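> have a look at this prediction, sequence included:
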Amino acid sequence: MWQQIRAIAWAQFRIARNHLPRTTAGGVLMWVMSLLWYGVYAAFAIVLALRLPDVPVPQLQQWTPVGLFGVFLFWQVVPLFTLSTGWSLQLNKLRVFPVRDSALFGIEITLRLTSAPEMLIVLAGALIGLCRHPAIPLFAPLFLLLYVPFNLFLQLAIRDLILYSFERNRFRELFAALVISISILPQFLSRTRLGHILRPYFFATARGSAAPWREASSLSLGSFSVLDLILLLVWTSAVYALARWQFEKSFRHEETVRSAGPGILSRQSKETGLIGWPTRVFRDPLAALLQKEFQSLVRMPRFRVLFGMACIFSVLIFIPVTFNQDIHKAGGFISSNFLPIVNLYGLLLLSDVLLLNIFGLDRRAAQLYFVAPVPFETVIRAKNLAAVSFVVLQTLAVLIIALLIRAAVTPFSAFIGAASSAVVTIYLLAVGNFTSVSLARPVNPSQTFKKQGGARMQLWLLLCSIGMYALVGFAFLARWALHSDWAMAGILLLEFAIGVIVYRLATESAVARGLRDRELLMEALSKGASPVSAG
Amino acid sequence: MSAAPELVGASIVGANAPAIEIHDLHKIYNGFHAVDGLSVTVPQGCFFGFLGPNGAGKTTTIKMLMGLAQPDSGSMHVLGMPMPQHSLDIRKEIGLVPDDSLLFDYLTGAEYLDFVARLYGLSRPSAKERTRELLEVFQLDENPRKLIGEYSKGMRKRVAMAAALIHSPRLFLMDEPFEGVDAVGARLMKDILLEQVHRGAAVFLTSHVLDVVERLCDRIAIISRGKVIAEGTVPELRERAAAGAISLEDIFVQLVGGERYSGKFDWL
């Protein structure tokens, strides 16, 4: 078993090493950003390591269970918010080899460490701090280490449950709604009276007897009891059994999915009439390309979930923010600008699959665009037109939902919402056309939950987000400075006009680069995955 | 099927020129000569076999012919038109079955064929009609709502073959077209290709199934390390090979320098 584990780790190491020479400025910047992010947690861990020895034991007994409960929540819930599951095995690639399920399970558990490394840093700080505490027996804090496998097992169980549920077509959208609800909860609690009402219950849960965080806390603070240890081991065994059961279930599901292909979707061909509209409006080959985009996109689980999230999640997530401001009346910043804010967030969700990596979902099949007698520019225009169509649909959906929940919507705010979307879309298309040919990467259309972007693409996404908010922010600034809504509208129109020019220039450049570097583009889109993938 | 235009003697560009004319073609990847001074001429109306061991440069050559890869030096003329200068016009006349699929997993077979037909400029009624006929001939019409992603490997090859035929091309570039296809499907594909050759179209075929190549091809070029090491009809190649080489497989193995297995592994 260990030989196989070593073999998989070695393969992963080689793949990572083989990619190293290709690391560029984007990769370096991502490293810097990661250092900053983890640096915050490292700083917190250092504070814990330095200051915990000075904290009286009674206070530690009061607050350590709460802290460990926080660690538990972060470890289990934060990956849901960020749609990031850390590294994980590509089971479909490894199942063909005679590797024991237990070996794969062992590796998968170890890889769960990557789902919330922040908490490992914090726990390490706490462990050092408690070890240095004069009133706590030297080795007692080591019991904190037992809390790590508990969280790892549970994280694996939750992750597999989520992925399994997302893969099941019938429940995918339903499950997305559930995840959406969970992610809104913290904001909802912090901005409503419900938060105050539930606060005592939170502390009661954190300090509740027999809870794993409470047991881990008691043991690590030196008040050893066999019962505490047994309880913690029972918790760990229970989540181990759950993780193992869920892992086996995912295995079986993986086999079913592999044998069925994207399958389950074949029943959904009723939409043909609706998405055949390009044929009635445009001429071939543009119409054919557009129709293909619609036919494919609406069947791709990844796109469907993201589009659903852009239409609904983007609205829901901003509702709690407006609770302090009364969403039904204009006045507060978010209430007054509900539509542009929600639209922009929705665009951000869609940008990865629709705007910044337009060939990603086509993967290897994208070479058809270079084989068929169609100008490459027409292909890009068709993809852009499809993207614009979905952005218009998303904008309309957001407007309808905003009207349904009686948000403060006026004709002018609707116009500003649409104008903001138009401005951001034109710039994202301009940037996206270029990144689509220079930073192309294949995207698995069946995979709905995991992130699929590389470091450079994530960086691009971040820069685009900043640019996007800067564009609209400039218009807000104009309104604030000149006390005129028309100033804002004027700035947005001006930005849009400039955006059209930028789009034309960027698209020309993207076409030239795409034709020149088509080999690199095809190579990038044909890349297979390694035994371990980042999600 | 719809009546395809007669190609022989048609007054179209390059009607009398060779289907493919490659001269001193070079392609280098990271210092490795994938194609190294390749020169080949394929006449129109010829079933041409392009053989070579793995990594010999076959797929790279096809990619360059399709404009998917840029040659480092040398010249290529396809149907009398220089490549890549007339890339768009050339692509209109080529039907391609690639080694790796150009298929979109989330389209049905019918939708894909209709899509490809329209990319090649067929009118919509014509695209629909040809799609229907091709699906029927290739037995892909049993479950019209099945997505290509659900197809077996053989079915994927069939739909790729159908897509290569739909615009009635004058030149077929086929990279391992029979791989994974059952005997019935392979026979159907061979019959169709032979009929196309009789009409005056040229087929440029790569395959590792040498029996098939021997039976189908009028002329064969064998390449190794990016160079043509032998070219001619099967009898001509047999003459070039050493005595005892009867089948194309024997000739091929002799020319590319393969060895026969002679029980080297005592542990096996």
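Noted; the coordinates are in hand.
> residues in contact with residue A:118?
A:38, A:41, A:74 (Cβ atoms under 8 Å, 6 or more residues apart in numbering or on different chains). In short, each C-beta sits where N, CA and C put it, glycine included.
> count of neighbours near residue 146?
Assuming you mean chain A. Residues lying near residue A:146 (other Cβ atoms under 10 Å in any protein chain shown) number 18.
> you looked at the wrong chain, it should be chain B
Neighbours around residue B:146, by other Cβ under 10 Å: 18.
> quick check: it touching residue B:109?
Yes. Proximity of residue B:146 to residue B:109 meets the contact threshold set by Cβ atoms under 8 Å, at 7.2 Å.
> residue of the stretch 251-400 of chain A nearest chain B, please.
residue A:288 (3.5 Å; Cβ to the nearest Cβ).
> can you give the contact residues for whichever strand or helix holds residue A:520?
Element membership of residue A:520 [criterion: DSSP states H and E] is helix A:518-525. By Cβ under 8 Å, 6+ apart, the list of residues contacting helix A:518-525 from outside reads A:359-360, A:362-364, A:366-367, A:370, A:437, A:439-442, A:514, B:68-70.
> excluding chain neighbours, what is closest to the closest residue to chain A within chain B?
Nearest to chain A in chain B, going by Cβ to the nearest Cβ, is residue B:118, at a distance of 3.5 Å. Distances taken as Cβ to Cβ, 6 or more residues apart in numbering or on different chains put residue A:288 closest to residue B:118, at 3.5 Å, once the chain neighbours are dropped.
> sec struct for the one you found, please.
Put simply, residue A:288 is helix when judged by DSSP: H, G, I helix; E, B strand; the rest coil.
> ok, now which ones touch it?
A:279, B:114, B:115, B:118, B:119.
> list the buried ones in the longest helix seen in chain B?
Longest helix in chain B by number of residues, with DSSP state H as the criterion: helix B:183-198. Within helix B:183-198, the residues scored as buried using 16 or more other Cβ atoms under 10 Å in any protein chain shown are B:185, B:186, B:188, B:189, B:190, B:192, B:193, B:196, B:197.
> these two touch, right, the fourth one and residue B:181?
Read it as residue B:189. Yes. The pair residue B:189 / residue B:181 is scored as a contact, 6.7 Å apart, by Cβ under 8 Å.
> what is in contact with the two at once?
Joint contacts of residue B:189 and residue B:181 (Cβ under 8 Å, 6+ apart) are residue B:158.
> excluding its backbone neighbours, what's nearest residue B:157?
residue B:181 (4.9 Å).
> that neighbour reaches residue B:156, doesn't it?
No. The pair residue B:181 / residue B:156 is not scored as a contact, 9.4 Å apart, by Cβ under 8 Å.
> which of the two has more neighbours?
Taking other Cβ under 10 Å, residue B:181 and residue B:156 do not tie; residue B:181 has more neighbours (22 against 19).
> rewinding a little: direction included, what does the helix or strand following the longest helix of chain B pair up with?
With elements assigned by DSSP H and E, the helix or strand that comes after helix B:183-198 is strand B:202-206. Strands that pair with strand B:202-206, judged by DSSP bridges, come out as strand B:47-51 (parallel), strand B:171-175 (parallel).
> make TSV from those strands and add mean pLDDT and mean neighbour count to it.
TSV is the format used below for these (pLDDT from 0 to 100; neighbours: other Cβ atoms under 10 Å in any protein chain shown):
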stretch	mean pLDDT	mean neighbour count
strand B:47-51	92	25
strand B:171-175	91	23
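> of all the ones you listed, which lies closest to residue B:228?
strand B:47-51 (9.3 Å; Cβ to Cβ).
> just the angle between that closest one and helix B:183-198, please?
Angular relation of strand B:47-51 and helix B:183-198 on a 0 to 180 degree scale: 120 degrees, by axes from the mean of the first three to the mean of the last three Cα atoms, to 10 degrees.
> residues in contact with strand B:47-51: which ones?
For strand B:47-51, using Cβ under 8 Å, 6+ apart, the contacting residues are B:20, B:40, B:42, B:58, B:61, B:193-194, B:197, B:202-207, B:210, B:213, B:216-223, B:252.
> after it comes which helix or strand?
Next along the chain from strand B:47-51, counting by DSSP H and E, comes helix B:58-66.
> about what we covered before: pLDDT score for the residue nearest to residue B:157?
Per-residue confidence (pLDDT) for residue B:181: 85.
> how near is the nearest residue to residue A:150 once chain neighbours are set aside to residue A:59?
The shortest distance from residue A:150 to any residue other than its chain neighbours is 4.6 Å, reached at residue A:236 (Cβ to Cβ, 6+ apart). For residue A:236, the distance to residue A:59 equals 27 Å [Cβ to Cβ, to the nearest Å].
> quick check on these two: which one has the bigger neighbour count.
Applying other Cβ under 10 Å to residue A:236 and residue A:59 shows that residue A:236 carries more neighbours, namely 22 against 9.
> elements contacting the helix or strand that one falls within?
Assigned by DSSP H and E, residue A:236 belongs to helix A:226-260. For helix A:226-260, the packing partners by 3 or more Cβ pairs under 8 Å, 6 or more residues apart in numbering or on different chains; DSSP states H and E come out as helix A:91-94, helix A:101-111, helix A:144-167, helix A:212-220.
> what comes up buried for the helix or strand hosting residue A:510?
Applying DSSP H and E as the criterion places residue A:510 in helix A:485-516. Using 16+ other Cβ under 10 Å as the test for burial, helix A:485-516 gives A:487-489, A:491-492, A:495-496, A:499, A:502-503, A:506-507, A:510-511, A:513-515.
> verify the stated contact: residue B:72 with residue B:27.
Yes. With contact defined as Cβ under 8 Å, residue B:72 counts as touching residue B:27 (5.6 Å).
> the two: which has the busier surroundings?
For residue B:72 versus residue B:27, the count of surrounding residues by other Cβ under 10 Å is larger for residue B:27: 23 against 14.
> that one belongs to a strand, doesn't it?
Yes. With three-state DSSP as the criterion, residue B:27 is part of a strand.
> per-residue pLDDT, it?
91.
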